[in-house]
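1. have a look; sequence and predicted model below, questions after that.
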Amino acid sequence: MFIKDIYRKEKIVVSFEVFPPKREENFFSVEKTAEKLAQLQPDFISVTYGAAGEQESTNFTLRLAEKIKNNYETEPLVHLTCINSSKEQISNNIKKIKDKGISNILALRGDKVNNNEVEFLYAKDLINLLKNEDLCIGAACHPEGHPETSSEALNLLHLRQKVDQGADFLVSQMFFENSKFFDFLAKAKQLDIEVPIVAGIMPVINTRQIRKITKLCGAKIPAKFEKIMNRYQDNKLALRDAGIAYATEQIIDLLSTGVQGIHLYVMNRPDVAQKLFDNINSVVKELKVRRE
Ligand code: FAD
């Protein structure tokens, strides 16, 4: 099923992200993680893609996505980056994805990790290649801007280009202040970006990891969030519970304000996903049946 049709049909769409293992011996454990996540019945599960586009890592992404589809009966969204791959490699991967019966791709640029010549400069170039492939195409958006783009206007213009090329929906980079996301939605609307814009939420469960990711992607850490990280960083359980409480508050505010899609970066932690689901379950149910 195309994910764009899920957004068309469902009032509220909740999804997860998983990342594949780096080594074969860890595949089974990640597979079990995906199975547990699927048991929570999210609308879809996305599977990340190794930044370097190396074949072994690509194979893990595709194998995991195939399992999610065929064994756990959940719609997979395969991430695909382009900057470190040749056109030929990308075309082969698209063929493999389609051969596995997968019909949703999150088209990303990725960050440059090798010195090869670049055939795809931006995600929009990959979207352009995908648009005639009978696939549903998602793309990334950056509510607080992207580190390589100095102005908000350019950030939005580049996003508009991805939608013009054929992106069917947009998944946001993580953010920790909803007001930033609401501002971004209003500005995207001014540019007539009408495709679903999905809020990416990451509950803090590992402070080192979150500091590293936010440094790379430019998401700001608000004082309230910083306090949680500083206070509980040495107690994993307390940090997890405080992080889940923070993310729950964010999600309930987003849903109450009318955001349709929530994508949860649960870092391969079904326990975190389960707790978040328990916290928002009645709210999601209420919104799903409400007539408005
Ligand atoms: P683009 O849309 O190409 O933008 C990249 C930069 O180029 C931006 O600064 C943009 O403003 C600028 N730009 C775009 N078009 C133009 C133009 N015409 N002229 C000049 N500048 C332009 N990375 C992975 O390696 N694997 C993953 O699985 C993965 N999953 C992700 C999932 C989500 C939801 C998100 C938000 C990010 C993910 N990333 C992943 C990280 C992503 O690859 C990086 O954020 C990357 O730096 C930007 O990707 P993009 O697709 O937004 O790129």
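-> Happy to help now that I have it.

2. around the ligand, pick out the residues from the stretch 151-292 of the chain.
-> Those residues of the stretch 151-292 of the chain that sit near the ligand, judged by CB under 6 Å from any ligand atom, are Leu154, Asn155, His158, Gln161, Lys162, Val171, Gln173, Gly200, Cys217. C-betas here are computed from N, CA, C, even on glycine.

3. name the element the second one belongs to?
-> Take DSSP states H and E as the rule and Asn155 turns out to sit in helix 152-165.

4. now that helix: buried residues?
-> Counting neighbours by 16 or more other CB atoms under 10 Å, one finds that the buried residues in helix 152-165 are Asn155, Leu156, His158, Leu159, Gln161, Lys162, Val163, Gln165.

5. ditto for stretch 138-156
-> For stretch 138-156, the buried set under the neighbour-count rule, 16+ other CB under 10 Å, comprises Gly138, Ala139, Ala140, Cys141, His142, Pro143, Glu144, Gly145, His146, Asn155, Leu156.

6. stretch 3-18 too?
-> Ile3, Lys4, Ile6, Tyr7, Ile12, Val13, Val14, Ser15, Phe16, Glu17, Val18.

7. kindly report the same for stretch 52-63.
-> If you call a residue buried by 16+ other CB under 10 Å, then stretch 52-63 has these buried ones: Ala52, Gly53, Ser57, Thr58, Asn59, Phe60, Thr61, Leu62, Arg63.

8. I'd like those as JSON lines, with pLDDT and distance to Gln41 appended.
-> Written out in JSON lines, the entries for the buried residues of stretch 52-63 read as follows (pLDDT from 0 to 100; distance: CB to CB, whole Å):
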{"residue": "Ala52", "pLDDT": "84", "distance to Gln41": "33"}
{"residue": "Gly53", "pLDDT": "78", "distance to Gln41": "32"}
{"residue": "Ser57", "pLDDT": "90", "distance to Gln41": "28"}
{"residue": "Thr58", "pLDDT": "93", "distance to Gln41": "28"}
{"residue": "Asn59", "pLDDT": "95", "distance to Gln41": "27"}
{"residue": "Phe60", "pLDDT": "97", "distance to Gln41": "24"}
{"residue": "Thr61", "pLDDT": "97", "distance to Gln41": "22"}
{"residue": "Leu62", "pLDDT": "97", "distance to Gln41": "23"}
{"residue": "Arg63", "pLDDT": "97", "distance to Gln41": "22"}
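
9. those in helices, which ones?
-> With helices identified by DSSP state H, the entries of the buried residues of stretch 52-63 that belong to them are Ser57, Thr58, Asn59, Phe60, Thr61, Leu62, Arg63.

10. could I get those as TSV with distance to Ser179?
-> Listed next are those as TSV, based on distance: CB to CB, whole Å:
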residue	distance to Ser179
Ser57	36
Thr58	38
Asn59	41
Phe60	37
Thr61	34
Leu62	38
Arg63	40
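
11. from the buried residues of stretch 3-18, which is closest to His79?
-> Of all the buried residues of stretch 3-18, the one with the least separation from His79 (CB to CB) is Glu17, at 8.4 Å.

12. pretty sure the closest one sits in a helix.
-> No: assignment of Glu17 by DSSP: H, G, I helix; E, B strand; the rest coil gives strand, placing it outside any helix.

13. in stretch 76-90, what counts as buried?
-> For stretch 76-90, a neighbour-count test (16+ other CB under 10 Å) marks Pro76, Leu77, Val78, His79, Leu80, Thr81, Cys82, Ile83, Asn84, Ser85, Gln89, Ile90 as buried.

14. also near the ligand: which of those, exactly?
-> For the ligand, the contacts drawn from the buried residues of stretch 76-90 by CB under 6 Å from any ligand atom are His79, Thr81.

15. reformat the buried residues of stretch 76-90 as JSON lines; add pLDDT and distance to Gln209.
-> As requested, the buried residues of stretch 76-90 are exported to JSON lines (pLDDT from 0 to 100; distance: CB to CB, whole Å):
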{"residue": "Pro76", "pLDDT": "98", "distance to Gln209": "24"}
{"residue": "Leu77", "pLDDT": "98", "distance to Gln209": "22"}
{"residue": "Val78", "pLDDT": "98", "distance to Gln209": "23"}
{"residue": "His79", "pLDDT": "98", "distance to Gln209": "18"}
{"residue": "Leu80", "pLDDT": "97", "distance to Gln209": "23"}
{"residue": "Thr81", "pLDDT": "97", "distance to Gln209": "20"}
{"residue": "Cys82", "pLDDT": "96", "distance to Gln209": "25"}
{"residue": "Ile83", "pLDDT": "96", "distance to Gln209": "23"}
{"residue": "Asn84", "pLDDT": "94", "distance to Gln209": "22"}
{"residue": "Ser85", "pLDDT": "94", "distance to Gln209": "26"}
{"residue": "Gln89", "pLDDT": "95", "distance to Gln209": "29"}
{"residue": "Ile90", "pLDDT": "96", "distance to Gln209": "29"}
